[in-house]
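Enquirer: Here is my input, please return the structure:
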Amino acid sequence: LSPVEVAAVYFRSGADKVSIGSDAVRAALAYYERGERCEGDTSIEQISEVYGAQAVVVSIDPRRQYAADGEEAPFATAEASRVGPN
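Expert: Alright, predicted model coming up:
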């Protein structure tokens, strides 16, 4: 099913909004890779086009990982004010 078809199931079931999670991260990465241009191919854009921007919300749950040295971590890091549990 396409993102619009999946959203339609929720809306027909009475939902007012659909929440986009991991796909929102992919959409943001694509947006910046394209030089901050939208091309209408992400689920956020497709659902917004059909149901309106008010019908789509983004929900991202950040994952906390602790690294001894942020320089060597294979992911983006932020310095914490307290030392982590490991």
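
Enquirer: For the protein, which residues score under the pLDDT cut-off?
Expert: By pLDDT under 70, the weakly predicted segments of the chain are 84-86.

Enquirer: neighbouring contacts of the longest helix along it?
Expert: Among the segments of the chain that qualify as a helix by DSSP state H, the longest is helix 22-33. Residues outside helix 22-33 that contact it (C-beta atoms under 8 Å, 6 or more residues apart in numbering): 3, 20, 37-39, 41-45, 58-60. All C-beta spots, glycine's among them, are computed from the backbone N, C-alpha and C.

Enquirer: Now for the residues you listed: which two are most distant?
Expert: Arg37 and Ser59 (24.3 Å; C-beta to C-beta).

Enquirer: circling back to that earlier point, now, the contacts of helix 22-33 that are in helices?
Expert: 3, 43-45.

Enquirer: Neighbour-wise, give me the winner out of those residues.
Expert: Ile44 (21 neighbours; other C-beta atoms under 10 Å).

Enquirer: Relative to Ser81, how far out is that residue?
Expert: For Ile44, the distance to Ser81 equals 33 Å [C-beta to C-beta, to the nearest Å].

Enquirer: and the ones in helices among the contacts of helix 22-33 as TSV, adding distance to Asp69?
Expert: Shown next, in TSV, are the ones in helices among the contacts of helix 22-33 (distance: C-beta to C-beta, whole Å):
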residue	distance to Asp69
Pro3	39
Ser43	36
Ile44	35
Glu45	38
